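Asks: Sequence and predicted model, in that order:
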Amino acid sequence: MARGQWLFDLRPHRLIVFHGAEGVLREVSGDVPNPLSAPVVLAALNESADVWVGSGDRRVFSVGTDASASVQALPRECFDLITDGGRLIGTVVDGALKLATLFMTDASGPQWEPVALPKPVRATHGYGYSEGSPPRQSPDGAFLDTSPFGITVVEKGRGRVYVLRPGAAQPEGALQVEPGSEQDIWRAQATPHGVLLLLVINYRQTALLHFALDGPLLGSLPSNDEDEDEDDVELTWGGKGVCVLDSERALHFVQDKVLLVSLPGLQVLETLAGEWPTFVSVTPAGPDQWWVGAEDSDALFLLTAEPGQPLRIHASNRQVSPGAPLMHVGYKMPAIHWTEHSSAPLTVSSPVTETWRATVRNDGTACEAVRIRVSGVLLGARVVDVSVRYRCQPLPMVEEHRVNLVGVTAGLESGATAELEVTFKPRSEGSGPLTITVEPCSWQSQGKAWQWDKEESRVLAVTGHPASAQFLLTVE
């Protein structure tokens, strides 16, 4: 996500803040809902010492821009959040996921002022737009984006796009186009002339449309020119992002290239080859330079777009330093963690045995059973014999798929600790990775319709967060 001079890699479990030449990683602990009940939202004030992050369940909290400050919750929920200079802009949706309120506040955040919304103007033309009876709507929330020329509010499921200019008290205008379906993806950015709208239809076919805020279509890719032969129109596939660079240029990312297009007419000025398998965010990196970050990837690319010069892009491997824990959302399931353990290499010399020791604690809710798993190629090759003691008692282990030894014991209460000892006795020589995992489990029924006259079977299933350690085991 790009916000002003900041670039963020934000997922339900972590936040990476990039600014300048460095990145800082902060992680959320606890049970984070998946799938999320609401989008992960983020905002950063250009002139303030705070960023605001939503953890995916509409809870919004602030952290310092040095990425190490403590977390502080904001007084209200929002669906999406963004900033405009020194103020926060947010959306609130109703139970049907329709935009209920667009609000704004200053950096302190105590007073949320509702913003008057203009009546949307129907676009006179558009890709796939059908005149006549109003199309069916499927509200899916109200999303925000920003460019140098303002903030956009997008309701894909209702076909509405609002444009709020920098510093303005209310949107300059709004458009009504044909609503998108669940299989469509929309992105919108404000331009000096109106709004640039990226439509990805059924995740593949792509249209880039430039509308004036009073409705007319200023340009489109592919061309919407009625005089142009339909066979000459080259369709665009796999749209991955859009970015307004300045008053005359914009970038259009598709799956196998980047298009530099003119504003307002969307004429292709230059094409740069490149693979973009996922959506991208773009943020300024300096004069005529922008950082490009892809979803689900820590890789960053530096793109240079000087007027009159060819586009250039290259990968940038920036260091990410661990920061303070972001926040703890609590546990609703068992969570096994190591309190004492080692991942250092272990060497066993025949005929002497060696023992690996650790202590686990259940930081979550109580679990019904605990399963201990020892895995490695040395087990399948019969290089070592393995015995396990749990809470000072021998634990019977059963072979599974040759490379696993598995033992099941009683559950662990919330807050309780347990000692674990794994002893290795050499049989021959070898070296390889070994993994020891402690899993919180519960017994679950596995009845089948055709087994109605038989006793219902039960299986052991992992129901929480396991603790796992891996180290190199060498047997001499």
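Replies: Good, I have the coordinates. Numbers count the residues shown, from 1 in each chain.
Asks: Note down every partner strand of the longest strand anywhere in the chain and its orientation.
Replies: As assigned by DSSP state E, the longest strand anywhere in the chain is strand 430-445. Here strand 430-445 is paired, per DSSP bridges, with strand 369-376 (antiparallel), strand 458-462 (antiparallel), strand 467-475 (antiparallel).
Asks: tell me the phi and psi of the residue of the chain most remote from its centre?
Replies: Distance from the C-alpha centroid of the chain peaks at P351, with 50.8 Å (CA atoms, centre = their mean). P351 adopts backbone torsions of phi -100, psi 10, taken as degrees, to the nearest 10.
Asks: Hmm, it is touching R427, no?
Replies: No - between P351 and R427 there is no contact under CB atoms under 8 Å: 10.1 Å. C-beta coordinates here come from the backbone N, C-alpha and C atoms, glycine included.
Asks: sorry, back to before: can you pull the contacts of the residue farthest from the centre of the chain?
Replies: If you count contacts by CB atoms under 8 Å, 6 or more residues apart in numbering, P351 has them with P426.
Asks: Could you check how far it is from A344?
Replies: Per CB to CB, to the nearest Å, P351 is found 23 Å from A344.
Asks: rank the strands paired with strand 430-445 by pLDDT, which is bottom?
Replies: In terms of mean pLDDT, the lowest-scoring of the strands paired with strand 430-445 is strand 458-462 (a mean of 86).
Asks: okay, that strand in PDB with CA atoms only?
Replies: Output in PDB follows, covering the C-alpha atoms of strand 458-462 (Å, rounded to 0.1, in the frame of the first residue of the first chain):
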ATOM      1  CA  ARG A 458     -12.900 -40.100  16.100                       C
ATOM      2  CA  VAL A 459      -9.700 -38.500  14.700                       C
ATOM      3  CA  LEU A 460      -7.200 -36.100  16.300                       C
ATOM      4  CA  ALA A 461      -7.100 -32.700  14.700                       C
ATOM      5  CA  VAL A 462      -4.800 -29.700  15.300                       C
END
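Asks: Other residues contacting it?
Replies: The contact list for strand 458-462 (CB under 8 Å, 6+ apart) reads 369, 371, 408, 439-446.
Asks: Filter these down to the buried ones and express that as a ChimeraX selection.
Replies: Listed next is the ChimeraX selection for buried residues among the contacts of strand 458-462, using 16 or more other CB atoms under 10 Å:
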select :369,371,408,439,440,441,442
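Asks: For the contacts of strand 458-462, could you give me a markdown table that also reports distance to E155?
Replies: Listed next are the contacts of strand 458-462 as a markdown table, based on distance: CB to CB, whole Å:
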| residue | distance to E155 |
| --- | --- |
| A369 | 48 |
| R371 | 47 |
| V408 | 51 |
| E439 | 43 |
| P440 | 42 |
| C441 | 44 |
| S442 | 42 |
| W443 | 46 |
| Q444 | 41 |
| S445 | 44 |
| Q446 | 44 |
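Asks: Helix, strand, or coil at V352?
Replies: Secondary structure, DSSP: H, G, I helix; E, B strand; the rest coil: V352 is coil.
Asks: From E476, how far off is it?
Replies: Distance of V352 to E476, computed by CB to CB: 10 Å.
Asks: Mutual contacts of these two, please.
Replies: Here V352 and E476 have P426 as joint contacts, going by CB under 8 Å, 6+ apart.
Asks: which residues touch the residue nearest to T124 when sequence neighbours are not counted?
Replies: Spatial nearest neighbour of T124, excluding adjacent residues (CB to CB, 6 or more residues apart in numbering): G215 at 4.8 Å. Counting by CB under 8 Å, 6+ apart, G215 makes contact with 121-124, 175.
Asks: Out of the residues you listed, list just those in strands.
Replies: Counting by DSSP E, the contacts of G215 place 121-122, 175 in strands.
Asks: Mind picking the lowest-pLDDT entry from those residues?
Replies: Lowest pLDDT among the ones in strands among the contacts of G215: R122, with 90.
Asks: What's opposite that residue in the beta bridge?
Replies: Beta-bridge partners, per DSSP bridges, of R122: Q176.
Asks: Could you verify my assumption that it touches E178?
Replies: No - using CB under 8 Å, R122 makes no contact with E178, being 9.9 Å away.
Asks: can you count the residues close to D184?
Replies: Per other CB atoms under 10 Å, the neighbour tally for D184 reads 17.
Asks: oh sorry, the question was meant for G293
Replies: By other CB under 10 Å, the residues close to G293 number 22.
Asks: what does C243 give?
Replies: 26.
Asks: ok, now which ones touch it?
Replies: By CB under 8 Å, 6+ apart, C243 lies in contact with 147, 189, 250-251, 253, 282, 290.
Asks: Assign it to helix, strand or coil.
Replies: Counting by three-state DSSP, the backbone at C243 sits in strand.
Asks: So in terms of bridging, what pairs with it?
Replies: L251.
Asks: can I see the domain layout of the protein?
Replies: The chain is divided into the following domains under automatic domain parsing: 2-328, 336-475.
Asks: can you tell me which of the ones you listed the model trusts least?
Replies: domain 2-328 (a mean of 79).
Asks: List the neighbours of stretch 171-180 that are in contact with it.
Replies: 102, 115, 117-123, 126, 128-130, 135-138, 150, 153, 156-165, 186, 194-195, 197, 199, 201, 211, 213-215.
Asks: give me that answer again for 7 Å
Replies: 117-118, 120-123, 126, 128-130, 135, 137-138, 156-165, 186, 195, 199, 211, 213-215 (CB atoms under 7 Å, 6 or more residues apart in numbering).
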